[in-house]
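In: Here's my sequence, what's the structure:
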Amino acid sequence: MESMIQAFAQVPAPAPAGGSGAMQLFPFALMFAVLAFMLLSARSQKKREQRERDDMHARLGKNDRVLTVGGIIGTVMAVKDNEVVLKVDETTNTKMTFLKTAIQRVLDEPAASTEKR
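Out: Numbers count the residues shown, from 1 in each chain. Next up, the predicted model:
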């Protein structure tokens, strides 16, 4: 029994690492590069979405059907500096004023939708 313990206790020493210090840093450098790429691509995507949203707000015009962030669908009656007046009910002629930033998307653009088809 004692000879078995001695046999297991005589584990050979690990071989010295053949790689240089630069090769040991390669995985960390690779992880850093991937992380930097992910952060920069997310940042550029956010900027692109903000630019598209600003363009949509700048193109808002009378008679555009829009959806607000609160889920209200209406027709643009007037556009001011930072405000949009929407007609939300045809029968009672109800109008509501929203900030431009509350407009989530334009539902249908008459000129653009007919040209693309």
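
In: per-residue pLDDT, the residue most central in space within the chain?
Out: Nearest to the mean C-alpha position of the chain, by CA atoms, centre = their mean, lies residue 46 at 5.2 Å. Per-residue confidence (pLDDT) for residue 46: 91.

In: starting at the chain centroid, how far to the one helix or strand it maps to?
Out: Under the criterion of DSSP states H and E, residue 46 resides in helix 21-59. The gap between where helix 21-59 is centred and where its chain is centred comes out at 11 Å by CA atoms, centre = their mean, to the nearest Å.

In: which helices and strands does it pack with?
Out: Under the contact definition 3 or more CB pairs under 8 Å, 6 or more residues apart in numbering; DSSP states H and E, helix 21-59 sits against strand 103-108. Where C-beta positions appear, they are placed from N, C-alpha and C, glycine not excepted.

In: Adjacent strands (with direction) for the strand it packs on?
Out: Partners of strand 103-108 in the sheet, by DSSP bridges, are strand 65-68 (antiparallel).

In: And the next helix or strand past the strand it pairs with?
Out: strand 73-79.

In: Neighbouring strands - and their directions - for that following strand?
Out: Counting by DSSP bridges, strand 73-79 is paired with strand 65-68 (antiparallel), strand 83-89 (antiparallel).

In: so how far is it from its chain's centroid?
Out: Taking mean C-alpha positions (CA atoms, centre = their mean), strand 73-79 and its chain are 27 Å apart.
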